[in-house]
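[1] Sequence plus predicted model, see below.
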Amino acid sequence: MMQVITAIEEMRRYSRNIRGEGKTLGFVPTMGYLHDGHMSLVDAARKECDIVAVSVFVNPVQFGPGEDLDRYPRDIERDRHISEEHGVDVMFIPSEEEMYPDGYSTFVEPTGVIVRGLCGLSKPGHFRGVATVVAKFLNITKPHVIYFGQKDAQQSVVIKRMVEDLNMDTEVRVMPIVREADGLAMSSRNSCLSPEERGQAPGLFRSLKRAEDLVAGGEYSADKIRTEMENMMRETPDLRIDYIEIVDAHGLMPLDRVKENTLIAVAARVGRTRLIDNIRIGKTRESEA
Ligand code: PAF
């Protein structure tokens, strides 16, 4: 039977008992409205750890003013059902008051290149909110392994950095993007798209595929690849580009030329919904030369 915990103290106790029994704890933090992308993280945790914990918390401090906090999809009963089906042992579903009681005033502030570009530029304060809530979750649940999806590539870099910088005793695992049949990266926000917008949304992935094909054909100039991607995205009339960035996948430093371990990341709005996606380039012929 899956256990559902809402109080921080109870979650801490649960984790202490697990560790006391010598078992490993895998933790998947989410904002709910679970989909197959989340479930791939749960399945990985199920394989690698004795106990799997999933949190559902729509973290208000990672949303900027005017962002979609109120529109963010929520269905906790469905989340509980899906989690139980996937063999989750415990769900942690704290309230906002539990996480940020009156007088709350401490935040974790990622700095430097890793938050200067991509979503760090278009959503100021976002990663401060993410780092803060993940740090709190790590302190509460004390997992051996914490799981993230590669779709939020910058988030994973920020969290890995935080775990290293603050000497947190957890392994960070990043799992591949899970896509719909037409290439759209799975996201809770996809449920906000109208049928017409849903038809336009794979434009992000198409532009990334184009980039991948260009690199495979020997084109390594970041400017040229970006321009091709822009042209491709403009073919989808209702896609409004937020950014197209070509950066080093580990440190997120902007690159002039695609090389080994390059991240090509895009963000675009379709109607009122903002979507992100990315691909990793492994080796190029140039980097092998
Ligand atoms: O990726 C998400 O869903 C959120 O940013 C996270 C990691 C659960 C923190 O609120």
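    Nice, thanks for sending it over.
[2] Which single residue of the stretch 51-200 of the chain ends up nearest the ligand?
    Using CB to the nearest ligand atom, Asn59 is the residue of the stretch 51-200 of the chain that sits closest to the ligand, at 3.9 Å. For glycine as for every other residue, the C-beta is placed from the backbone atoms N, C-alpha and C.
[3] Near the ligand, which residues of the stretch 1-150 of the chain are found?
    Within reach of the ligand by CB under 6 Å from any ligand atom, the stretch 1-150 of the chain has these residues: Pro29, Thr30, Met31, Asn59, Gln62, Val130, Val133, Val134.
[4] As a markdown table, those with neighbour count would be great.
    Shown next, in a markdown table, are these (neighbours: other CB atoms under 10 Å):
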| residue | neighbour count |
| --- | --- |
| Pro29 | 25 |
| Thr30 | 22 |
| Met31 | 19 |
| Asn59 | 21 |
| Gln62 | 21 |
| Val130 | 25 |
| Val133 | 22 |
| Val134 | 27 |
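[5] and of the residues you listed, the nearest to Gly251?
    Val130 (18.0 Å; CB to CB).
[6] can you give me the strands for the stretch 101-250 of the chain?
    Taking DSSP state E, counting those that start in this stretch as the test, the strands found in the stretch 101-250 of the chain are 145-149, 171-175, 239-248.
[7] Would you tell me what the next helix or strand after the last one is?
    For strand 239-248, the following helix or strand on the C-terminal side (DSSP states H and E) is strand 262-270.
[8] burial count for Gly125?
    Using other CB atoms under 10 Å as the criterion, Gly125 is surrounded by 17 other residues.
[9] what's near enough to touch it?
    Gly125 is in contact with Val61, Gln62, Gly64, counting by CB atoms under 8 Å, 6 or more residues apart in numbering.
[10] Model confidence for the closest residue in space to the first one that isn't next to it in sequence, exactly?
    In this case it means Val61. With sequence-adjacent residues excluded and distances taken as CB to CB, 6 or more residues apart in numbering, Val61 is closest to Gly129, at 3.8 Å. On the pLDDT scale, Gly129 is placed at 98.
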